[in-house]
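A.B. asks: Sequence first, predicted model second:
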Amino acid sequence: SPARDLAVAQIRATIVDVPTVRQHKLSQTSVTAQSYVIVQVRLENGVEGIGEAATLGGPRWSEESVEGIKATIDAYLAPALIGQRADHFVTAGLVLDAAAKRNNAAKAAIETALFDAVGKTLGLPAAALLGGAVRSSLPVLWTLASGDPDQEIAEAHAKLDARLHRTFKIKIGAQAPEADLARLTRLAAALADRATLIVDANQAWDETTARRFLPRLRDLKIALVEQPLPAWNIAGMGRLRTRDDSPPLLADECVFTAHDMLAVAQGAAADAVSLKLVKHGGLIGLRKVAAVAEAAGIGLYGGCLLESSIGAAAHLQAFAGLRDLAWGCEHFGPQILTDDLVTEPLRFHDFEVHLPAGPGLGVTLDPDKLRHYARS
Ligand code: MUC
Ligand code: MG
């Protein structure tokens with residue numbers, strides 16, 4: 001019977017560290033390897049689903065670290081879910097929320113693995129379980145974050161020449177605003193006629209600094225400014241948006257839950273929101289945040305936390321069914337890793353990333369790679 005076959009039999013969480021092709025530097029941290037928790041959920045029918053919880057430099061981008069995620073899954077989330085039906089996604093979410101507050105990345109990795117396992121059981125992509133895909137590929141940007149403008153210009157030209165990316169997100173906030181402005185001025189001069197540029201300050205500026213420098217970003221034709229202010233300062237973002245010399249603002253760290261999204265909407269504090277599984281607690285939570293944004297006329301942007309092809313595929317499954325993903329996505333993660341964790345990495349082609357075909361997430365875990373990159 002489905003009740004027996006689709007019950008969760010086993011949940012395994014493995015910490016992996018995968019090196020990046022270069023240093024990736026943002027306002028609060030810098031990484032040369034990406035750390036993930038890979039979750040494997042086995043159902044009673046023998047089918048295995050996979051999910052991924054991404055972090056960035058330990059608990060520095062948000063409060064969750066791979067060590068904390070694994071501990072929470074092993075001690076609280078996995079025991080609560082064993083024996084539950086994998087296809088009852090909303091009930092599973094209630095069970096996970098009762099077992100632990102927040103811990104959104106941990107819950108997202110588990111829910112992703114449920115979608116993968118159920119999709120593989122039924123022969124349907126995860127996107128179909130969420131209402132169906134309206135697109136099979138998405139525009140994908142690349143992030144420039146070495147901090148060295150010569151390297152960044154060369155890297156961007158290589159991406160443009162290879163027809164991989166033509167929008168670039170530049171990480172700012174690791175140095176003083178004047179130094180970032182000098183760097184951005186060089187990048188804009190070298191790239192502006194071939195590419196669209198956006199920036200991400202990762203909460204680095206206060207409101208006074210933002211008021212001073214946003215007009216200068218607009219003069220450089222920066223198309224979008226992500227999270228200039230600390231996550232708590234939603235009212236400040238709203239005040240910045242009332243000025244007509246400010247570029248459009250993208251909300252990232254200030255929107256985890258649907259309630260956060262509602263507060264941003266009520267404060268008219270963003271032009272667009274970055275959607276990420278680690279923030280919203282899973283595919284269903286992501287679609288809920290997207291619905292609140294849509295209701296408020298706030299644009300959707302497909303965010304990432306430098307996921308491997310596993311986490312990136314999960315995002316693409318959730319993004320594929322959104323009516324209007326006006327700002328495209330940033331799932332370049334598989335390209336910044338020196339290696340991947342799946343048998344067939346995601347395809348990047350003509351400035352787009354492609355939704356993998358096949359049931360569940362559409363990707364297959366490579367057990368040798370998992371063993372090789374597992375932390376001992
Ligand atoms: C973030 O804050 O957006 C996403 C892309 C990137 O380069 O860093 C991440 C995190
Ligand atoms: Mg961001």
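C.D. replies: Received the coordinates, thanks. All of these numbers come straight from a predicted model, not from anything done at the bench. Ligands and ions are numbered 1, 2, ... in the order given.
A.B. asks: which parts of the stretch 151-300 of the chain sit against ligand 1?
C.D. replies: Contact residues, the stretch 151-300 of the chain versus ligand 1 (Cβ under 6 Å from any ligand atom): 171, 200, 202, 252. Placement of C-beta: from N, CA and C, glycine included.
A.B. asks: What residues does the nearest residue to Leu217 once chain neighbours are set aside make contact with?
C.D. replies: For Leu217, ignoring the flanking residues on the chain, the nearest one in space by Cβ to Cβ, 6 or more residues apart in numbering is Pro247 at 5.5 Å. Listed by Cβ atoms under 8 Å, 6 or more residues apart in numbering, the contact set of Pro247 reads 214, 217-218, 222-225.
A.B. asks: Would you reformat the residues you listed as TSV and include pLDDT and distance to Asp74?
C.D. replies: Converted to TSV, those look like this (pLDDT from 0 to 100; distance: Cβ to Cβ, whole Å):
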residue	pLDDT	distance to Asp74
Leu214	98	45
Leu217	98	44
Arg218	98	48
Ile222	98	43
Ala223	98	43
Leu224	98	39
Val225	98	39
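A.B. asks: Got the phi and psi for Thr55?
C.D. replies: phi -130, psi 170 (degrees, to the nearest 10).
A.B. asks: ok, how many other residues are close to the residue in the stretch 151-300 of the chain positioned nearest to ligand 2?
C.D. replies: As assessed by Cβ to the ion, ligand 2 sits closest to Asp252 within the stretch 151-300 of the chain, at 3.6 Å. For Asp252, the neighbour count with other Cβ atoms under 10 Å is 23.
A.B. asks: any idea how far it is from Cys304?
C.D. replies: The gap separating Asp252 from Cys304 is 11 Å, by Cβ to Cβ, to the nearest Å.
A.B. asks: Overlap in contacts, these two.
C.D. replies: Residues touching both Asp252 and Cys304 by Cβ under 8 Å, 6+ apart: Lys276.
A.B. asks: check contacts around Arg347.
C.D. replies: 353-354, 356.
A.B. asks: Now intersect these with the helices, please.
C.D. replies: Among the contacts of Arg347, DSSP state H puts none in helices.
A.B. asks: Only the buried residues of the longest helix along the chain, if you could.
C.D. replies: The longest helix of the chain (DSSP H) is helix 104-122. By 16 or more other Cβ atoms under 10 Å, the buried positions in helix 104-122 come out as 104-121.
A.B. asks: List the contacts of the residue nearest to Leu130 when sequence neighbours are not counted.
C.D. replies: Leaving aside its chain neighbours, Leu130 sits nearest to Gly321 (5.1 Å; criterion: Cβ to Cβ, 6+ apart). Going by Cβ under 8 Å, 6+ apart, Gly321 touches 127, 130-134, 287.
A.B. asks: what ranges do the strands span in the stretch 101-250 of the chain?
C.D. replies: Ranges of strands within the stretch 101-250 of the chain are 137-139, 142-144, 167-171, 196-200, 225-226, 249-251, based on DSSP state E, counting those that start in this stretch.
A.B. asks: Same list (those strands) but as a markdown table, adding distance to Ala258.
C.D. replies: Listed next are the strands of the stretch 101-250 of the chain as a markdown table, based on distance: least, Cβ to Cβ, whole Å:
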| stretch | distance to Ala258 |
| --- | --- |
| strand 137-139 | 23 |
| strand 142-144 | 27 |
| strand 167-171 | 25 |
| strand 196-200 | 23 |
| strand 225-226 | 20 |
| strand 249-251 | 13 |
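A.B. asks: residues near Ala176, how many?
C.D. replies: For Ala176, the count of nearby residues is 11 (other Cβ under 10 Å).
A.B. asks: can you list the domains in the chain?
C.D. replies: Following automatic domain parsing, the chain resolves into domains at 2-124+368-373, 129-361.
A.B. asks: Work out which residue lies at the spatial centre of this structure.
C.D. replies: Central residue of the chain (Cα atoms, centre = their mean): Cys304, 2.1 Å from the mean position.
A.B. asks: What's the separation between that residue and Ala113?
C.D. replies: Computed as Cβ to Cβ, the Cys304 to Ala113 distance reads 19 Å.
A.B. asks: what's the answer for Ala258, then?
C.D. replies: 22 Å.
A.B. asks: re earlier: can I get the residues of the stretch 151-300 of the chain next to ligand 1 in JSON lines including distance to Thr343 and pLDDT?
C.D. replies: Shown next, in JSON lines, are these (distance: Cβ to Cβ, whole Å; pLDDT from 0 to 100):
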{"residue": "Lys171", "distance to Thr343": "31", "pLDDT": "98"}
{"residue": "Asp200", "distance to Thr343": "32", "pLDDT": "98"}
{"residue": "Asn202", "distance to Thr343": "33", "pLDDT": "98"}
{"residue": "Asp252", "distance to Thr343": "32", "pLDDT": "99"}
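A.B. asks: By neighbours, which of those wins?
C.D. replies: Asp200 (26 neighbours).
A.B. asks: Just the pLDDT for the closest residue to that one other than its chain neighbours.
C.D. replies: Spatial nearest neighbour of Asp200, chain neighbours left out: Glu226 (3.9 Å); criterion: Cβ to Cβ, 6+ apart. pLDDT, Glu226: 98.
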